[in-house]
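**Q** with the input below, show me the fold.
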Amino acid sequence: MVDYLACSFMDMSVIEGNTFDRGYAIESTCHAPDKQSAFEEILRVLKPGALFWGQEMCLTDKFDPNDSRHWDLKHDLKRGIALKDIATFGEVNQALEAAGFHIIEGTDRGVSVGGGYSRPWYQPMVSRHGMLGKVLFRFPQGRRALVAGSKLGEMVGLFPRGSAEVFRSLNQTADAYVEAGRTGIFTPLYCFLARKPH
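**A** I've put the predicted structure just below:
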C-alpha cells in the first residue's frame, strides 16, 4: 500500500508536480542549505490546496544577537544538531511565503500551556523520570558519568578511540539544549501549517 522513494527535498525531480494531497516535515527542513528552495520544491509536488505541516528547530524572539552567552549557546546547538544555521520564526515564515505558501498558523508548541503540556520540553534532560537507562543518558550527572566511563573504556580498549569525544559532544549539546530552553531563546517545537494556493 506504500511506495518509498529515496530523494532529497531539495530536488524531487523524480516526482511530478501536483502529486501529493498533504505533506509534512519534522525537524528536517531546518537542515536545508536553502530553506526557501526546499519549500519551493515541496510546494511543487503538492496539489493545489494541499496542506503542509512542519516542525522546525528555531531561535525565538528572546534571542539577543548582542548577548555573547546567546551566541555561545547557538554555536553549541548548531554543532551538536549539525545545523548550518538556526532560523528564527520570522525567517521560517518568510521562506514559506517566498516559496508561495499561505501560512495558516505558526506556533511555538514548546511554550503552549494548553494542549496537555505540564512541563517544559527540555525537562526530561534535567530531572529523573523513569528507568535507570533514561537517567544515565538524560540526567546531567548521568551524562557526565558516561563521559568519564567512556574515557576509561577507551584507555582499556573497550571503546574505540574517539568515543569519549562523541559522548562529551553529546553532553555539551544536551547542556546547550537545556540552557537555551531555560533562557527561552531556542525551541525544537516551532510548528507551522501552510497551504498551497488553489
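**Q** need the longest helix for the chain.
**A** Criterion DSSP state H: the longest helix present in the chain is helix 163-183.
**Q** run through who's touching that helix.
**A** Helix 163-183 is contacted by residues 62, 70, 73-74, 76-77, 79-81, 110, 120-122, 125-126, 138, 140, 143-144, 146-147, 150-151, 153-154, 186-188 when judged by C-beta atoms under 8 Å, 6 or more residues apart in numbering. Backbone N, C-alpha and C define where each C-beta goes, glycine included.
**Q** in helices only, show me those.
**A** Within those, membership in helices is found for 70, 73-74, 76-77, 79-81, 138, 140, 143-144, 146-147, 150-151, 153-154, as judged by DSSP H.
**Q** PyMOL command to pick out the buried ones of the residues you listed?
**A** Per 16 or more other C-beta atoms under 10 Å, the buried members of the ones in helices among the contacts of helix 163-183 correspond to this PyMOL selection:
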select buried, resi 70+73+74+76+77+80+81+138+143+146+147+150+153+154
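**Q** tell me, how many residues neighbour residue 30?
**A** Summarising burial for residue 30: neighbours were counted as other C-beta atoms under 10 Å, giving 24.
**Q** swap in the one 10 residues further on?
**A** Neighbour count for residue 40, taken as other C-beta under 10 Å: 17.
**Q** which of the three states applies to it?
**A** On the three-state scheme (DSSP: H, G, I helix; E, B strand; the rest coil), residue 40 is labelled helix.
**Q** do residue 49 as well
**A** Using three-state DSSP, the structure places residue 49 in strand.
**Q** what sits closest to it if chain neighbours are left out?
**A** Closest residue in space to residue 49, ignoring its immediate chain neighbours: residue 198 at 4.8 Å, by C-beta to C-beta, 6 or more residues apart in numbering.
**Q** would you quantify the distance from that neighbour to residue 20?
**A** In this structure, residue 198 and residue 20 are separated by 15 Å, where distance is defined by C-beta to C-beta, to the nearest Å.
**Q** the two - which one has more neighbours?
**A** Counting neighbours by other C-beta under 10 Å for residue 198 and for residue 20 shows that residue 20 has the greater number, 14 against 8.
**Q** only C-alpha atoms, please: export stretch 145-161 in PDB.
**A** Below are the C-alpha coordinates for stretch 145-161, written out as PDB (Å, rounded to 0.1, in the frame of the first residue of the first chain):
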ATOM      1  CA  ALA A 145      29.400   9.700  34.300                       C
ATOM      2  CA  LEU A 146      29.100   8.300  30.800                       C
ATOM      3  CA  VAL A 147      31.800  10.700  29.500                       C
ATOM      4  CA  ALA A 148      34.100   9.700  32.300                       C
ATOM      5  CA  GLY A 149      33.300   6.000  31.800                       C
ATOM      6  CA  SER A 150      33.900   6.200  28.100                       C
ATOM      7  CA  LYS A 151      37.400   7.800  28.700                       C
ATOM      8  CA  LEU A 152      38.200   4.800  30.900                       C
ATOM      9  CA  GLY A 153      36.700   2.400  28.300                       C
ATOM     10  CA  GLU A 154      39.000   3.900  25.600                       C
ATOM     11  CA  MET A 155      42.100   3.500  27.900                       C
ATOM     12  CA  VAL A 156      41.400  -0.200  28.500                       C
ATOM     13  CA  GLY A 157      40.300  -0.900  24.900                       C
ATOM     14  CA  LEU A 158      36.600  -1.400  25.500                       C
ATOM     15  CA  PHE A 159      35.600   1.500  23.300                       C
ATOM     16  CA  PRO A 160      37.200   2.700  20.000                       C
ATOM     17  CA  ARG A 161      39.400   5.800  20.200                       C
END
